[in-house]
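Undergrad: below is the structure, and that's it, no one-letter string:
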């Protein structure tokens, strides 16, 4: 147990020192100051070996991702991150592992000015739970529930990289080394779209981050907003690595159901299109209009060149075809 | 994965609904309001099967303890709990297990007016991480670092029950069924000393909760406060179940090194003794003076009837002798 206490200390003198942290790591709890005119925002995500990452995943990627996935939740709300608690469960004390994990974690923490204020270090099967806190001005949070019929549906960045990496690692797909390296960069070190989220909270009607896949995450918005959606699959921003490796239909399906891309999916009222164009640079990432919100509770309709496109199965086994085998 | 989402919903319509929660479970993050004149307090603790509880532990006890251990950190600071995020990792969806776990969790949540505002539910080896948030008035937190030479050392409640249960379960000790049942009640369903903590923040100079054992937790106070301590072991409030089962020296050692009793250990300036006596009822628990803070960095001296008492080894194997075998 003493060794595990040492690890905790390893995290206590590193990374940003924020002025709003009154007491960080080292006592029974941390003390921080929330600005008077803001709400507190809290998100929590767990990553477990074999469920969320492969046993051969680099500790630096795990350190990066465990914070980035929470930051992505913050981006989807337009919130500003401030402090994180990191609970690490490890089978044994492997200092080289810890060091690389901490390198990955603090790279993200430095970049986003997040202070690690506490957590726990325990012995057991490898898993990490990060609880991230921060703020947002009152009544400014981007929720899932604000989409209206007629709003345009957008997605940031590109889709499909993470799903392709997972399929390749499970030997379900042959992928060129070049494409795999490109896609792995995004899978291993996802970047939360924080700047985009903060622009969007002044314009978008609803938003979510794509963790479970476009179709599944869009359906969360539709359910919360009580609306339907039509998506033109020809407009999907499919990752160039995915397009290079898969035939057109397989690439489309991968972009529709692939999870863990951590892009933002958002809906925009017609009258905000001008605002979005004007703030394109501040978004910090490309964005693409992929469809429109409809009234009713008909779920998601997919179209391509004016014709209905089959909805892929989001559960169970999915067959993907490489371009050339 | 769908099944795991269902579990999350299982937790979303239950327990206290606080007015300061703007948005609870169901979106990308939760939104809450922190009172203007208070600091935010955050504590995080993980419990892992085989490390923190036996595989045969009742799910109700696990649900109770995962929140109670964080509440105990709050008690040690004199803080007021408000909201918790609960991240549960389960090997499979066992609805009977979930129901009993939730019963244990919400019994504590109701009692302390804590709203569950989010979390995560994932598949993997059984573990729970709770991150608890709440408040405390500025400059009022009870820290580990305030003990001064001459302060009296107190402990709430009684000591040794949890360590006796663990020793009995590991077959290191023969214990009567009656004593075991009594001790197990405290081990399985610990009560955080929140009322005591809130009284003490007006009087005590330092505090910590006893999770690792009296000696180890007292040494945290000594290190943070740069002082030493003398403890009269004859004054230790040893649990009646432990006294009934163990010979005097074994019982004393168990009270000194046994963890997970979740009592408060605090230091009190001489001039606050009157205040403590006057507020004895508001403390909500008995308390006992067990020693005094000394200057210097000599660590902990144990005495009994004016003579030095040997310091037990807090690491490694410890032999306990039952009263009658």
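TA: Happy to help now that I have it. It should be emphasised that the depicted structure is a prediction, and the values quoted were computed from it without experimental measurement.
Undergrad: just give me how far stretch A:27-43 sits from the chain centre.
TA: Here stretch A:27-43 is found 23 Å from its chain centre; the criterion is Cα atoms, centre = their mean, to the nearest Å.
Undergrad: buried ones in that stretch?
TA: Across stretch A:27-43, burial judged by 16 or more other Cβ atoms under 10 Å in any protein chain shown covers A:27-34, A:38-43. For the C-beta atoms, the positions are set from N, CA and C on the backbone; glycine is no exception.
Undergrad: any chance of TSV for those residues, columns secondary structure, pLDDT and distance to residue A:270?
TA: Compiled in TSV, the buried residues of stretch A:27-43 are given as follows (DSSP: H, G, I helix; E, B strand; the rest coil; pLDDT from 0 to 100; distance: Cβ to Cβ, whole Å):
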residue	secondary structure	pLDDT	distance to residue A:270
A:27	strand	89	52
A:28	coil	90	52
A:29	coil	95	48
A:30	strand	96	45
A:31	strand	97	46
A:32	strand	97	40
A:33	coil	97	40
A:34	coil	96	36
A:38	strand	97	30
A:39	strand	97	29
A:40	strand	98	33
A:41	strand	97	29
A:42	strand	97	33
A:43	strand	97	31
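Undergrad: need those residues in CSV (columns: distance to chain B).
TA: Listed next are the buried residues of stretch A:27-43 as CSV, based on distance: Cβ to the nearest Cβ, whole Å:
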residue, distance to chain B
A:27, 6
A:28, 4
A:29, 4
A:30, 5
A:31, 5
A:32, 5
A:33, 6
A:34, 4
A:38, 9
A:39, 5
A:40, 5
A:41, 5
A:42, 5
A:43, 4
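Undergrad: what are the boundaries of the strands in the stretch 101-250 of chain A?
TA: Along the stretch 101-250 of chain A, counting by DSSP state E, counting those that start in this stretch, strands occupy A:115-123, A:127-137, A:152-156, A:206-209, A:228-232.
Undergrad: report all helices and strands that the longest one contacts.
TA: I take that to be strand A:127-137. With contacts defined as 3 or more Cβ pairs under 8 Å, 6 or more residues apart in numbering or on different chains; DSSP states H and E, the packing partners of strand A:127-137 are strand A:38-48, helix A:59-77, strand A:80-90, strand B:38-48, strand B:80-90, strand B:127-137.
Undergrad: for those, which one sits closest to residue B:221?
TA: Among the helices and strands packed on strand A:127-137, strand B:38-48 comes nearest to residue B:221, with 17.3 Å by Cβ to Cβ.
Undergrad: direction included, what does the closest one pair up with?
TA: strand A:30-32 (antiparallel), strand B:127-137 (antiparallel) (DSSP bridges).
Undergrad: and those strands as a markdown table, adding distance to residue A:178?
TA: What follows is the strands paired with strand B:38-48, written out as a markdown table (distance: least, Cβ to Cβ, whole Å):
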| stretch | distance to residue A:178 |
| --- | --- |
| strand A:30-32 | 45 |
| strand B:127-137 | 39 |
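Undergrad: comparing those strands, which comes out most buried?
TA: For the strands paired with strand B:38-48, the largest average neighbour count (mean count of other Cβ atoms under 10 Å in any protein chain shown) is found in strand B:127-137, namely a mean of 26.
Undergrad: contacts only, for residue A:255.
TA: A:159-160, A:214, A:236-239, A:242 (Cβ atoms under 8 Å, 6 or more residues apart in numbering or on different chains).
Undergrad: same question for residue A:297.
TA: By Cβ under 8 Å, 6+ apart, the neighbours of residue A:297 are A:222, A:226-228.
Undergrad: of those residues, just the buried ones, PyMOL syntax please.
TA: Typed into PyMOL, the line below selects the buried ones among the contacts of residue A:297, using 16+ other Cβ under 10 Å:
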select buried, chain A and resi 222+227+228
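Undergrad: no more questions from me, cheers.
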